[in-house]
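Asker: Just need the structure, nothing else, for what follows:
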Amino acid sequence: MSWLILFFAGLFEIAWAIGLKYSDGFTRLIPSALTLAAMVISVVLLGWAMKGLPLGTAYAVWTGIGAVGTVIAGIFLFGESVAPLRLISVALVVAGLIGLKLSN
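Answerer: Residues are numbered from 1 along each chain as shown. Reported below is the predicted structural model:
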């Protein structure tokens, strides 16, 4: 169950990272409020997941899900680069996340 909670924490991390872009430096009320809510939910879920997972693993997976998801979202939502080196780098992060999951 901790892994599922951690996965959702990572999804909310992606949401708040995207929200930062839409909040325009916290100058837009609704996107800013949603971003702050996603931040709180993400961290609370991370804390719950850490009850059953090692600190280093949980934090690394949380940030990894956020990083990979944010890169993918940036490609689809904001037309960011899909350069091969960038995609290989994301694949390496995913490989690291899988390795952390398999090591527990």
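
Asker: What's the first helix or strand after whichever strand or helix holds Leu36?
Answerer: Leu36 is part of helix 29-49, with elements assigned from DSSP states H and E. Per DSSP H and E, the first helix or strand lying C-terminal to helix 29-49 is helix 55-78.

Asker: List the neighbours of that next one that are in contact with it.
Answerer: Contacts to helix 55-78, defined as CB atoms under 8 Å, 6 or more residues apart in numbering, come from residues 2, 6-7, 9-11, 13-14, 17-18, 21, 42, 46, 49-50, 53, 80-82, 86, 90, 93-94, 96-97, 100-101, 103-104. C-beta: built from backbone N, CA, C; applies to glycine.

Asker: May I have the very next helix or strand once past that helix as PDB, with CA atoms only?
Answerer: As assigned by DSSP H and E, the chain's next helix or strand after helix 55-78 is helix 84-103. The C-alpha coordinates for helix 84-103 follow below in PDB (Å, rounded to 0.1, in the frame of the first residue of the first chain):
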ATOM      1  CA  PRO A  84      17.300  12.000 -28.000                       C
ATOM      2  CA  LEU A  85      19.700  12.800 -25.200                       C
ATOM      3  CA  ARG A  86      16.900  14.200 -23.100                       C
ATOM      4  CA  LEU A  87      14.800  11.000 -23.700                       C
ATOM      5  CA  ILE A  88      17.700   8.800 -22.800                       C
ATOM      6  CA  SER A  89      18.300  10.700 -19.600                       C
ATOM      7  CA  VAL A  90      14.600  10.300 -18.700                       C
ATOM      8  CA  ALA A  91      14.900   6.500 -19.400                       C
ATOM      9  CA  LEU A  92      17.900   6.300 -17.100                       C
ATOM     10  CA  VAL A  93      15.900   7.900 -14.300                       C
ATOM     11  CA  VAL A  94      13.100   5.400 -14.900                       C
ATOM     12  CA  ALA A  95      15.600   2.600 -14.800                       C
ATOM     13  CA  GLY A  96      16.800   3.900 -11.400                       C
ATOM     14  CA  LEU A  97      13.300   4.000 -10.100                       C
ATOM     15  CA  ILE A  98      12.700   0.400 -11.200                       C
ATOM     16  CA  GLY A  99      15.900  -0.500  -9.500                       C
ATOM     17  CA  LEU A 100      14.900   1.100  -6.200                       C
ATOM     18  CA  LYS A 101      11.500  -0.700  -6.300                       C
ATOM     19  CA  LEU A 102      13.100  -4.100  -7.000                       C
ATOM     20  CA  SER A 103      15.600  -3.600  -4.200                       C
END
